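> show me how the following folds:
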Amino acid sequence: MELIASDLNTDLPSLLDAFDCPAILVDSDYRVLATNAHYLERFGTITADRGARCYEVSHGYDRPCDQAGENCPLAAAAQSKRKERVLHVHQTPRGREHVDVELLPVVDDAGEVRYFVELLRPLPIASSEASAQRLVGDSPAFNAMLELVTRVGPSDAAVLLIGESGTGKEIVAQAIHDSSRRTSRPLVTLECAGLTESLFESELFGHVKGAFTGANYAREGLAASADGGTLFLDEIGDVPYALQVKLLRLLETGIYRPVGGTQPKQTDFRLICATHRDLEQMVEQGDFRLDLYYRINVFPLRVPSLAERTKDIPAIVRTLLARIDQGTRYHITEAAMSLLRTRRYRGNIRELRNILARAVIMANGNVLDHEVLAACLDVTSTPPSADLTLREHERRYLDELMHRYHGDKEQVAATAGISLRTLYRKLQRHIDASDDHLPAR
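The predicted structure follows:
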C-alpha cells in the first residue's frame, strides 16, 4: 500500500479511522501526530501536543528503538521507502503486550518520505506474563519465533516445527492454527510416535465395520475430523516408511480411503508437522521419503530450547504452576527461582514441568522454596533411590501423580507432559513388568 502526502489534506483522524486496527500517524522525528479510534480504545490517549514520540509511548525509551537494541520499523521504512514490519513488546494499560507493528511510509509527489502510518495489531496468542492459554515469553529467541508464527499463521502453507523434545511444539502449532483463517474449525492432533502401521492407518484414515478383527463399527479417521481445520502430525519422523507414500497422496490430493473401504473420500486441512529428528539425515539414510520431506517442509520454523530463553523461565514457571493444580495458588521464592534459572534442561519445558509437579507434591504448603526445589533437582540427595533404574523412577513418579489426582488419567497425562495414549501404554508396561516378577504358581 502506498500513501501519498497529498492525501493528508483531509482530516487526519478520519484517514486513520479507515484502518481496522489501532493506527497512529508519525513524522520523521518520531513524533505522534494523530491516532485513530481503535488506538484510543486499545491503548488510550496520547498527549501529542507535548511532542510525544512513538518510542516513548510504546516502550518508555529515551531514544529510538534501533538505538535501544531493537529493530525499528520506522528507520527501516525511511530507508527502504517501503512497508516494513516487526514484532515488538509494548507497554499498554494492561501491561506488556506483544504487538505486530507495520509501518507504511507516506511519500510526497517527489517520492520523499514525509510521514509514517503505524499499524499496531496486538497478538492474542502470546503473553509476556504468565498465561494459561497463550504462548509465554519475551526473550529474543521467543520473539523471533513468534514473529514467524504471525507471518505464516494467516496463510495456508504447510509448517514444519523443528526443535528439541519438550520445547512446546504442540502449543506453537495451536498458536499457528489460532492465527489462521481456519480457527473456527478444530486443530486435530495425531501423535505418530509408537504407532504400528495398522494403527497409524486406522487413526488417520478411519475404518469401515468389519475391516479387521475387533472393528465392530465404522470409525471416522482424523483426516476427516480435520476437514476445514488443521491436522497436526506430531513426531512426523516416526511415520512408518511403508505408509509415507499413502500419507503423501493424502497431502497432495486430499483423497483417502478408510481401512477396508472402497469409496474414496475428500478432505481439506492445513498441515502442521513437528519433529525433533534430523529429517534430512533420515532422507539420506533412506528412512524418510524425499518427496514427503519437501511436501511438509514448506515453511520450517524452529522452536527454541529452554536454554535459549532463560529470561522466560519465571513466566513459564508461574504458568506451569497454575496448570499443575488449579485449586491452589502456589508461590515460588526468589532463591528457588534463581535455582531453576541456572539449571540446564535437557527435557526443556517438559522437564521443568515435571520438576514443578514433584515440588508441589513435596511442599508442605503453597510456598516452593529453595530447599524444596533443591531436593527435587538433586536426585543424589536420596541415596536409597540411587540404584533404581530409569523405568523404576518413572513408575514411582506416575504412581505419585495417580495418587495426587485420584486416578484422573487425563490430568496425570497433562502434568507429566505426555499424551493420554502414551500414559496408558506406560501404565500397562509397568503392570506387565510387575506380573513378570510374581512367583510362579
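> where does the stretch 301-441 of the chain dip in pLDDT?
326, 378-391, 393, 403-405, 417, 432-441 (pLDDT under 70).
> quick one, longest helix in the chain?
Secondary structure of the chain per DSSP state H: the longest helix is helix 420-436.
> what residues of that helix count as buried?
Neighbour-count burial for helix 420-436 flags 423, 426-427, 430 (criterion: 16 or more other C-beta atoms under 10 Å). All C-beta atoms are positioned from the backbone trio N, CA, C, and that covers glycine.
> got phi/psi on Asn36?
For Asn36, the backbone dihedrals (degrees, to the nearest 10) come out as phi -100, psi 180.
> isn't Met145 right up against Pro300?
No - the pair formed by Met145 and Pro300 falls short of the contact definition of C-beta atoms under 8 Å, at 11.7 Å.
> who's more crowded, the two?
It is Met145, of Met145 and Pro300, that has more neighbours when counted by other C-beta atoms under 10 Å, with 25 against 14.
> for the more buried one, what are its contacts?
The contact partners of Met145, by C-beta atoms under 8 Å, 6 or more residues apart in numbering, come to 172, 301-304.
> all strands of the stretch 251-400 of the chain, in order?
For the stretch 251-400 of the chain, the strands identified by DSSP state E, counting those that start in this stretch occupy 255-256, 265-266, 270-275, 299-302, 331-332, 367-368, in order along the chain.
> what's the most buried one of those strands?
Counting by mean count of other C-beta atoms under 10 Å, strand 270-275 has the highest mean neighbour count of the strands of the stretch 251-400 of the chain, with a mean of 25.
> burial count for Thr342?
The tally of other residues near Thr342 (other C-beta under 10 Å) stands at 10.
> if I look at it, how far off is His331?
The spacing between Thr342 and His331, counted by C-beta to C-beta, to the nearest Å, is 20 Å.
> please, where are all the strands along the stretch 51-200 of the chain?
Taking DSSP E, counting those that start in this stretch as the test, the strands found in the stretch 51-200 of the chain are 84-92, 95-107, 113-122, 126-127, 135-136, 159-162, 187-191.
> determine which of the ones you listed approaches Ile176 most closely.
For the strands of the stretch 51-200 of the chain, the distance to Ile176 is smallest for strand 159-162, at 5.9 Å, taking C-beta to C-beta.
> now for the closest one, which elements pack on it?
helix 169-178, strand 270-275, strand 299-302 (3 or more C-beta pairs under 8 Å, 6 or more residues apart in numbering; DSSP states H and E).
> I'd like these laid out as a markdown table, including distance to Glu70.
Written out in a markdown table, the entries for these read as follows (distance: least, C-beta to C-beta, whole Å):
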| stretch | distance to Glu70 |
| --- | --- |
| helix 169-178 | 22 |
| strand 270-275 | 29 |
| strand 299-302 | 21 |
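> closest one to Val372 among those?
With C-beta to C-beta as the yardstick, what comes closest out of the helices and strands packed on strand 159-162 is helix 169-178 (26.7 Å).
> the closest one to strand 270-275, inter-axis angle?
Direction vectors for helix 169-178 and strand 270-275, defined by axes from the mean of the first three to the mean of the last three C-alpha atoms, to 10 degrees, enclose an angle of 160 degrees.
> what ranges in the stretch 151-300 of the chain fall below the confidence cut-off?
Per-residue confidence of the stretch 151-300 of the chain (counting by pLDDT under 70) places the weak regions at 210-211, 213-216.
> helices of that one, start to end?
Across the stretch 151-300 of the chain, reading from the start of the chain, the helices by DSSP state H, counting those that start in this stretch fall at 169-178, 197-205, 222-225, 241-253, 279-284, 290-296.
> same question for the stretch 1-150 of the chain.
When assigned using DSSP H, counting those that start in this stretch, the helices of the stretch 1-150 of the chain occupy the ranges 12-16, 37-43, 54-59, 73-80, 140-152.
> single out the most deeply packed of those.
Of the helices of the stretch 1-150 of the chain, the one with the most neighbours on average (mean count of other C-beta under 10 Å) is helix 54-59, at a mean of 21.
> which elements pack onto that helix?
Applying 3+ C-beta pairs under 8 Å, 6+ apart, we find helix 54-59 packed against strand 84-92.
> pairing partners for the strand it packs on, with directions?
For strand 84-92, the paired strands and their directions (DSSP bridges) are strand 95-107 (antiparallel).
> for the partner strand, what is the average pLDDT?
Over the span of strand 95-107, the pLDDT mean works out to 92.
> give the buried residues for that strand.
For strand 95-107, a neighbour-count test (16+ other C-beta under 10 Å) marks 97-106 as buried.
> what's the answer for stretch 316-336, then?
The neighbour-count criterion (16+ other C-beta under 10 Å) identifies 316-321, 324-325, 330, 332, 336 as the buried residues of stretch 316-336.
> wait, doesn't Phe288 sit right on Tyr241?
Yes - because the distance of 7.4 Å satisfies C-beta under 8 Å, Phe288 is recorded as touching Tyr241.
> tell me which of the buried residues of stretch 316-336 fall in helices.
Among the buried residues of stretch 316-336, the subset assigned to helices under DSSP H consists of 316-321, 324, 336.
> any idea which of these is closest to Lys409?
The shortest distance between Lys409 and any of these, using C-beta to C-beta, involves Ile324 and amounts to 15.7 Å.
> tell me the contacts of the closest one?
Residues touching Ile324, when contacts are defined by C-beta under 8 Å, 6+ apart, comprise 330, 353, 356-357, 360, 415.
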